[in-house]
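**Student:** fold the stuff below for me.
(chains A, B and C)
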Amino acid sequence: MSTIQSFIKQPLSVSVRSTLRGAGQVMFQQSAWTGLLFLVGIFWGAYECHTPAVAWGALVGLVASTVAGMIINEDFSQGIDGLWGFNGILVGCAFPTFMGDCWQMWTALIFCSMLTTWVRHGFNNVMAPWKVNSLTFPFVFCTWLFLLASRYMFGLEGDELSKPALAVADATQGLDTSFGHLVIYWLKGIAQVFLINSWVTGAIFLVGLAVCSRAAAVYAALGSAISLGLAVAFGADASDIANGLFGFSPVLTAIAIGCTFYSVNWRSALWAVAATVATVFIQAGMDALMLPYGIPTLTGPFCVTTWLFLLPRYQMDRRPEPDHSDWVKDIENQENK
Amino acid sequence: MSTIQSFIKQPLSVSVRSTLRGAGQVMFQQSAWTGLLFLVGIFWGAYECHTPAVAWGALVGLVASTVAGMIINEDFSQGIDGLWGFNGILVGCAFPTFMGDCWQMWTALIFCSMLTTWVRHGFNNVMAPWKVNSLTFPFVFCTWLFLLASRYMFGLEGDELSKPALAVADATQGLDTSFGHLVIYWLKGIAQVFLINSWVTGAIFLVGLAVCSRAAAVYAALGSAISLGLAVAFGADASDIANGLFGFSPVLTAIAIGCTFYSVNWRSALWAVAATVATVFIQAGMDALMLPYGIPTLTGPFCVTTWLFLLPRYQMDRRPEPDHSDWVKDIENQENK
Amino acid sequence: MSTIQSFIKQPLSVSVRSTLRGAGQVMFQQSAWTGLLFLVGIFWGAYECHTPAVAWGALVGLVASTVAGMIINEDFSQGIDGLWGFNGILVGCAFPTFMGDCWQMWTALIFCSMLTTWVRHGFNNVMAPWKVNSLTFPFVFCTWLFLLASRYMFGLEGDELSKPALAVADATQGLDTSFGHLVIYWLKGIAQVFLINSWVTGAIFLVGLAVCSRAAAVYAALGSAISLGLAVAFGADASDIANGLFGFSPVLTAIAIGCTFYSVNWRSALWAVAATVATVFIQAGMDALMLPYGIPTLTGPFCVTTWLFLLPRYQMDRRPEPDHSDWVKDIENQENK
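**Tutor:** Residues are numbered from 1 along each chain as shown, chains lettered A, B, ... in the order given. Alright, predicted model coming up:
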């Protein structure tokens, strides 16, 4: 209530703060400062990789999805917490990464970003009986459909997508596993949460997380490290590992299970490690599933695994009835204790 | 209750009327006259395209699925309203369109039509907690499985299906966009709801809709027009556009959102337009998804999109608690107001 | 309660009995003797086919998944009934059948077996509102993902999987349909429930079923026979038929519908036959769906079909409110009557 009153008094500053929070919520952080640092990381990485459209797309998607919530959504407190924007910013990163820089792409980007806010409302309704949240799945679901559509609508120019194929070559050889390179892969694994291929961005993201929650930064680092180790040990594709593509979903799972939906303790830590390990295999499986379409898994493996580990509603901390439908409340409850 | 009493008094005339209503319910119209005009359109188009088996299949599927309900279903009022037959008639249109005219196909057609009535009961149970209906998804789901099965069971002769492929050629060129041709594509988009490739059938369907609900006819026309415009602007496949294959799912979405589950007003009109736009992209995406199987999307894109736009349960008219589990009641409620 | 007290008194004998029950529960039989005979059949078949790793994998998977339940699960009575082990034993059969005999495979086998117990808890939560059970789907879901992952992680050596393809050749010709051969295919259909390609194993399984429930043995025999007849009549692949690959899912459906979730009577018998017929087509469809991945359907077709036939919650026996969430209770209720 008081947040809505503050919005009426200072519409601009609250709007800006809520929009920035949208960026932070991608990794479950409600802080506008975290969101700002994430945006800095995105802009740095996008310009470093000579794909500025990704950075501007992120900004457009963030604003469009927040506006979509304002137009239709009754529950304004969700918007204040930044829960309207986090799917849209990811749509905004994904579209210019995989599709050409044309008016059709930008139109689709804005429409799809808005769609995620509405779809999220529906998905959360669907999942409410099991007390889980749709996480970033509205982004994943809508973006999958639009990327697939670019295979059929040549105006969308999906040229940057992988070529559809029935099998990949055995390409594990040739991975440089010197310590310095491993650190770079590890940081890129964190940067790829926003589809950015830059270790500097990964480092900025870690700082952004630490600003709001040191535990989240630790779990992000741990998630990327575990996935890196497993991907090497089980012989995954070398270029995928080198670009951090095995890291971003486990990073999100680790933060979600380790310090978002459960409070930090040994029991939840072991559960988070098991979930992170599962994410790596589930991602490899989903990668194979996408192969005939040449479509990326996005953060789908994170969503699937996190649901799998939340749905049994095992008790991992002192709260009597695990309810994982709203992480903002979950985090607040932890802090109160 | 009184409907069941009337059935006991006049079993034949009520049976015929309920069966005809099954044809009308494909486009949410409970009128037996609409259903009769739809059947006329189907027979006209099937004979025009030299595929009479499609018309007779429609009739067999309609009767088989209605009988399946009589055998097992407790809720007789559903049958009276024509809600047993609308999936079966679509099965009956689809099987002879894509599979060979042999005894195995006809056996499978009858079994699959009956299955849709039972499956519908289960799907509606599944969706009840979110107050949405399974729409034509029982038809879509069962037909997908049988069409896929024809790839593995050579007795079903799935020769009319597309060849499985990993990518389509860039074939937007060569579309005749003169006004006369656009009108033909637009009418074919409506005819393809029943898998008929004939503009005359499309015109008959429009008349059939107008007999029962003028708003439904307007939204059908609008849905086909919007999808045609978007498909051209975003460079979709020329032959798909010319055969009306981008039209039928948006037509159904427009009727569903615009004047079935919500009453007619400006707010629901805008929502219907957004849903129609989304259907076009979702269909293109699902087309790409089906590409490696050479299987059509059928009315799947309509089902998915309509669910996405109903699940948030946004309020678009004066009814306080949106409940979209039963369109017969929804339409009655509108008329009472 | 008394079962848990007996566990405290005799931990070893109860553990062994519960673990053996896990083998029996694959075909809905709670008897440890049935489970023992199933294990005998698995060991016989695995050594006959020169794949001893399959038998030892079954044992490892059975124990790992039961231990996973002990570590975390609150509901100990489920473990006593053998409901923790039946997914794990199937994982243990599947992994060495399709992947190479290396440390990565065994690590993944143990992790995946444990995962099924946790995932089952979550899936059952998901399905609780509709009063159905997740059946063997935790095994199917997790194994699909790991088999897919082996396409991307070359350490898992998924060399025994089929080659990904877009279409199969028309290979119905050349099936030996002499009576002696048909009997062998029919028995192999039952053996393939545990992925064993041996008619002797099929016969041992039938004996194992009859030890606990004669009706289950009859329905298993019937399910395999119906599927064999349909597969031949509809022209399915000859080598699939000869190896019993069309039999195992219908066998499970027939037992599930005919004498597990409903009591034995004419009404449920007809429903079981309809479900068995549907399983054959759904399996052929899912086979086609898996073709581009070269992944087997496992018992997926059984799960899907059984859900489809349970979800409408039609009344097939005297129990007033069909509840199919727990077959152990369902079978007990039948016996009490």
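
**Student:** okay, CA-based contacts and neighbour counts for the rest of this
**Tutor:** Noted.

**Student:** taking the stretch 1-150 of chain A, what residue is nearest to chain C?
**Tutor:** Relative to chain C, the nearest point of the stretch 1-150 of chain A is residue A:130 (6.6 Å; C-alpha to the nearest C-alpha).

**Student:** burial count for the residue in the stretch 51-200 of chain A that chain C sits nearest to?
**Tutor:** When C-alpha to the nearest C-alpha is the measure, the stretch 51-200 of chain A has its nearest residue to chain C at residue A:166, with 6.0 Å between them. A count of nearby residues for residue A:166, using other C-alpha atoms under 10 Å in any protein chain shown, gives 23.

**Student:** doesn't it lie inside a helix?
**Tutor:** No: the assignment for residue A:166 by DSSP: H, G, I helix; E, B strand; the rest coil gives coil, which leaves it out of any helix.

**Student:** what residues does the nearest residue to it once chain neighbours are set aside make contact with?
**Tutor:** Counting by C-alpha to C-alpha, 6 or more residues apart in numbering or on different chains, residue A:292 is the residue found nearest to residue A:166 once chain neighbours are left out, at 5.5 Å. With contacts defined as C-alpha atoms under 8 Å, 6 or more residues apart in numbering or on different chains, residue A:292 is in contact with A:164-166, B:166, B:292, C:292.

**Student:** ok so, going back, and the residue of the stretch 1-150 of chain A closest to chain C, how far is that from residue A:255?
**Tutor:** As for residue A:130, its distance to residue A:255 is 21 Å (criterion: C-alpha to C-alpha, to the nearest Å).

**Student:** if you count surrounding residues, which of those two has more?
**Tutor:** Neighbour comparison, residue A:130 and residue A:255: the larger count goes to residue A:255, with 25 against 21 (by other C-alpha under 10 Å).

**Student:** picking up where we left off before, and which of the contacts of residue A:292 is nearest to residue C:259?
**Tutor:** Using C-alpha to C-alpha, residue C:292 is the member of these that lies nearest residue C:259, at 36.1 Å.

**Student:** distance of the residue lying closest to residue A:206 once chain neighbours are set aside from chain C?
**Tutor:** Ranked by C-alpha to C-alpha, 6+ apart and with sequence neighbours excluded, the top spatial neighbour of residue A:206 is residue A:217, at 5.6 Å. Spatial separation of residue A:217 from chain C under the definition C-alpha to the nearest C-alpha, to the nearest Å is 27 Å.

**Student:** let's verify residue A:217: helix, strand, or coil?
**Tutor:** Put simply, residue A:217 is helix when judged by three-state DSSP.

**Student:** swap in residue A:185?
**Tutor:** Criterion first, three-state DSSP; result for residue A:185: helix.

**Student:** that one is in contact with residue A:248, isn't it?
**Tutor:** No: applying C-alpha atoms under 8 Å, one finds residue A:185 not in contact with residue A:248, separated by 11.0 Å.

**Student:** quick one: low-confidence parts of the stretch 51-200 of chain A?
**Tutor:** Low-confidence segments of the stretch 51-200 of chain A, defined by pLDDT under 70, are located at A:73-74, A:170-173.

**Student:** helices of that one, residue ranges please.
**Tutor:** In order along the chain, the stretch 51-200 of chain A carries the following helices (DSSP state H, counting those that start in this stretch): A:52-72, A:76-80, A:86-98, A:103-127, A:137-149, A:179-191, A:199-212.

**Student:** could you check how far residue A:21 is from chain B?
**Tutor:** Counting by C-alpha to the nearest C-alpha, the gap between residue A:21 and chain B amounts to 23 Å.

**Student:** count of residues packed around that residue?
**Tutor:** Neighbours of residue A:21 using other C-alpha under 10 Å come to 28.

**Student:** one step back: quick one: the residue of the stretch 1-150 of chain A closest to chain C from residue A:310, how far?
**Tutor:** In terms of C-alpha to C-alpha, residue A:130 sits 9 Å off from residue A:310.

**Student:** likewise residue A:208?
**Tutor:** According to C-alpha to C-alpha, residue A:208 stands 26 Å off from residue A:310.

**Student:** the residue in the stretch 151-300 of chain A that chain C sits nearest to: helix or strand, and which one exactly?
**Tutor:** When you check the stretch 151-300 of chain A against chain C by C-alpha to the nearest C-alpha, the closest residue turns out to be residue A:285, at 3.8 Å. Assigned by DSSP states H and E, residue A:285 belongs to helix A:266-290.

**Student:** buried residues, that helix. List them.
**Tutor:** A:268-269, A:271-290 (16 or more other C-alpha atoms under 10 Å in any protein chain shown).

**Student:** rewinding a little: pLDDT score for the residue nearest to residue A:206?
**Tutor:** At residue A:217, the model reports a pLDDT of 96.

**Student:** give me the neighbour count for it.
**Tutor:** The burial metric for residue A:217, expressed as a neighbour count using other C-alpha under 10 Å, is 22.

**Student:** need the CA coordinates for the strand or helix carrying residue A:252. CSV is fine.
**Tutor:** Residue A:252 is part of helix A:248-255 when elements are defined by DSSP H and E. Coordinates of the C-alpha atoms in helix A:248-255 are reproduced here as CSV (Å, rounded to 0.1, in the frame of the first residue of the first chain):
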residue,chain,number,x,y,z
PHE,A,248,23.9,-19.6,-16.9
SER,A,249,21.1,-22.1,-16.1
PRO,A,250,23.0,-23.7,-13.2
VAL,A,251,23.9,-20.3,-11.9
LEU,A,252,20.2,-19.4,-11.6
THR,A,253,19.2,-22.8,-10.1
ALA,A,254,21.9,-22.4,-7.5
ILE,A,255,20.7,-19.0,-6.4
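
**Student:** so how far is that helix off the chain centroid?
**Tutor:** 8 Å (C-alpha atoms, centre = their mean, to the nearest Å).

**Student:** ok, that helix near chain C or not?
**Tutor:** No: for a cut-off given as C-alpha under 8 Å from any C-alpha of the partner chain, helix A:248-255 has no contacts with chain C; the smallest distance is 15.1 Å.

**Student:** now the residue of the stretch 51-200 of chain A closest to chain C: phi and psi?
**Tutor:** Summarising the backbone geometry of residue A:166 under the convention degrees, to the nearest 10, its torsions are phi -100, psi -20.

**Student:** go ahead and confirm it touches residue C:164.
**Tutor:** Yes: in this structure, residue A:166 is within contact of residue C:164 by C-alpha under 8 Å, at 6.0 Å.

**Student:** now do the shared contacts for those two.
**Tutor:** With contacts taken as C-alpha under 8 Å, 6+ apart, residue A:166 and residue C:164 have C:292-293 as neighbours in common.

**Student:** which SS state does the closest residue to residue A:287 other than its chain neighbours fall under?
**Tutor:** Nearest-residue entry for residue A:287: residue A:297, 6.1 Å, with adjacent residues in sequence omitted and distances by C-alpha to C-alpha, 6+ apart. Going by three-state DSSP, the secondary structure assigned to residue A:297 is coil.

**Student:** right, I'll call it a day here.
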